[in-house]
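> here's a sequence, model it:
(one chain, ligands or ions: 1)
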Amino acid sequence: MWPCSFVPCLFVFLWSLPMKRSDTAFQRCINPACGAEFDCMQAIFKCPRCGELLDACYDWDKIEVPRRMNDFGKRWANRQHRLDFSGIWRFRELLSFCPDEYKVTIGEGQTILQLNDSVAKYADMKPGRLYLQYEGLNPSGSFKDNGMAAAFSHAMMTEAKSCACASTGNTSASVAIYAHSCGLKCTVFIGQGRIAFGKLSQAMDYGAQTIQILGDFDDCMRQVQDVCSRLGIYLLNSLNPFRLEGQKTIMYRIIEQLGWEVPDWIIVPGGNLGNSSAFGKAFAELKQLGLIKQIPRLAIINATGAGTLTDLVNSKNLLWNNGQVEQKIIDDYYADLTSRHFSPRTCASAIEISRPVNLKKCLRAIDVCNGVVRAVSDEEICDAKAVIGRYGLGCEPASAATVAGLKLLRTEGVIAPDERVACVLTGHLLKDPDVTVGYHKDKKGRFSNPPVEAPNDLEKIVELVKG
Ligand SMILES: [Zn+2]
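The predicted model follows:
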């Protein structure tokens, strides 16, 4: 028997320590030679021992995961429940790092997987085989809300008081909207002149402090990490492993909308490589849990003006190699970029990144999903964007890299015309109106649709409308 006096002590210990702690999740360094593990209550974002990225990991034995994917679908009948309504938390057992009371949602993840035969025809696919996953339908207009719902839940769990991010635009908009909904002070760092106006307008309107650095995104990324570590600010860039947990759910929703079947291919734009990393992790876990039988293939599409991943994987043969990534290849490549004063350039500002933070996790995803990497030109991106706009719901330029990439992979014969393909359209058309207006108004492309000038005269206007 324990002495009676010990009981109150034990009670105090239990009360003060583990209430917020998840006993089902932990963080682990992705470097297998290190493998250091950390509690989820730590907001560290890089391995303190070796500097590599961290994963959110789970003790699956302690989590009651549904036995079949379609069990998650039952939650649609319970839309009054805030977590069942969320397109992220509907799948909460698959990202179980946080008690329910800290889970943040603003109604994200109500997105559509649209079968689109007209865009399929453009990309030389057979009817009934191409789907467009419209992540632009999230509250801030981009896929980032998937990650922010999860990362802000972690921020609340760890009692963060202020937050920050570096951004090409979509992240800042998403961070700002979640920050004000959580009552956190918010600072966003952007590169000078490298942000689409639609996105910048959101950050300002949602009340974020916006700091414009005289440099590009990579400069912003370096600065924000130093500022956050010096001031103890919660960092919301995609090296935050909890953001990627939220982004996994884009894949769950694609499977859901295909009647709980996996497609043959997922195509995603490649920028900071958070999405591709998250998708690979999602499929690896679903397979491990026996929830899917087959892992789809992954195609990651760069813009040619920001083709780091394409160069490293296709030209330099950089591989995941069971975690033994050849760092020298990366270091030499980046040193060359620096010596040439290289700054990435593409109209697809969301993927205008030359030093992707999640590079190694992405290499792992390519390994898991037997993935391929390609780069497409701005002209190909803008033409594909106009086709998506004409026949779909419209998207920002980076999103259209997926359809341009599909067209290229069809030409190469890598993707067959009757395979089932889901292109992830990451951001809303109105995120970057300048590129859209420029393409159409200046008659820059094959699908330009410029406005027609008319005299202020009824008969002449009627003639024009009749065509
Ligand atoms: Zn480590």
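> now the helices for the stretch 201-350 of the chain?
In the stretch 201-350 of the chain, the segments counted as helices under DSSP state H, counting those that start in this stretch are 217-231, 241-247, 249-257, 274-288, 308-310, 327-339.
> hey, least reliable of the ones you listed by pLDDT?
Among the helices of the stretch 201-350 of the chain, helix 217-231 carries the lowest mean pLDDT, a mean of 86.
> now that one against helix 327-339, angle please.
110 degrees (axes from the mean of the first three to the mean of the last three CA atoms, to 10 degrees).
> run through who's touching helix 217-231.
162, 164-168, 189-191, 194, 213, 215, 233-235, 237, 344, 352-355, 357 (CB atoms under 8 Å, 6 or more residues apart in numbering). (C-beta placed from N, C-alpha, C; glycine too.)
> strands - which of the residues you listed land there?
Per DSSP state E, strands hold the following members of the contacts of helix 217-231: 162, 164-167, 189-191, 213, 234-235.
> buried ones from those residues, can you make that a ChimeraX selection?
Here is the ChimeraX command that selects the buried residues among these (16 or more other CB atoms under 10 Å):
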select :162,164,165,166,167,189,190,191,213,234,235
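> same list, the ones in strands among the contacts of helix 217-231, but only the ones touching the ion.
Contacts with the ion within these, counted by CB under 5 Å from the ion: none were found.
> closest to the ion out of the ones in strands among the contacts of helix 217-231?
residue 235 (17.7 Å; CB to the ion).
> so the closest one is in contact with residue 163, correct?
Yes - judged on CB atoms under 8 Å, residue 235 makes contact with residue 163 at a distance of 7.4 Å.
> what does the chain have sitting close to the ion?
29, 31, 34, 36, 47, 49-50, 52.
> are any of those residues buried, and which?
Using 16+ other CB under 10 Å, the buried ones in the residues of the chain next to the ion are 29, 31, 47, 52.
> any weak-confidence spans in this protein?
1-22, 193-195 (pLDDT under 70).
> what sits against the residue most central in space within it?
For the chain, residue 275 is the residue whose C-alpha lies nearest the centre (CA atoms, centre = their mean; 3.8 Å). When contacts are counted by CB under 8 Å, 6+ apart, residue 275 touches 143, 247, 250, 268-269, 424, 426.
> and the gap between it and the ion?
23 Å (CB to the ion, to the nearest Å).
> on that earlier part again, could I get the contacts of residue 275 as JSON lines with neighbour count and distance to residue 67?
Below are the contacts of residue 275 laid out as JSON lines (neighbours: other CB atoms under 10 Å; distance: CB to CB, whole Å):
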{"residue": "143", "neighbour count": "33", "distance to residue 67": "28"}
{"residue": "247", "neighbour count": "30", "distance to residue 67": "24"}
{"residue": "250", "neighbour count": "28", "distance to residue 67": "23"}
{"residue": "268", "neighbour count": "32", "distance to residue 67": "28"}
{"residue": "269", "neighbour count": "31", "distance to residue 67": "34"}
{"residue": "424", "neighbour count": "25", "distance to residue 67": "27"}
{"residue": "426", "neighbour count": "30", "distance to residue 67": "32"}
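> just these now: which is nearest the ion?
Among the contacts of residue 275, and counting by CB to the ion, the member closest to the ion is residue 247, at 22.2 Å.
> what about that closest one, distance to residue 110?
16 Å (CB to CB, to the nearest Å).
> from the contacts of residue 275, which is closest to residue 119?
residue 424 (13.5 Å; CB to CB).
> the one residue in the stretch 101-250 of the chain that gets nearest to the ion and residue 387: what is the separation?
Per CB to the ion, residue 241 is where the stretch 101-250 of the chain lies closest to the ion, at 12.7 Å. According to CB to CB, residue 241 stands 36 Å off from residue 387.
> ok, residue 420 next?
20 Å.
> out of the helices of the stretch 201-350 of the chain, the one nearest residue 156 is which?
helix 241-247 (11.1 Å).
> show me where this structure has strands.
Under DSSP E, the chain gives strands at 25-29, 37-38, 54-58, 112-115, 130-134, 162-167, 185-191, 209-213, 234-235, 265-269, 297-303, 372-376, 421-425.
> strands paired with the fourth one, and their directions?
Sheet pairing of strand 112-115 (DSSP bridges) gives strand 130-134 (antiparallel).
> next, the angle from the partner strand to strand 421-425.
Using the same axes, to 10 degrees: strand 130-134 against strand 421-425 is 30 degrees.
> buried residues of strand 130-134, list them for me.
For strand 130-134, by 16+ other CB under 10 Å, it's 130-134.
> next one: stretch 173-187
173-179, 182, 184-187.
> same question, stretch 361-371
Neighbour counts using 16+ other CB under 10 Å place 361-369, 371 of stretch 361-371 among the buried residues.
> which of those residues fall within helices?
Judged by DSSP state H, the buried residues of stretch 361-371 include 361-368 as members of helices.
> of these, closest to the ion?
For those, the nearest to the ion is residue 361 (13.4 Å; CB to the ion).
> many thanks, we can stop here.
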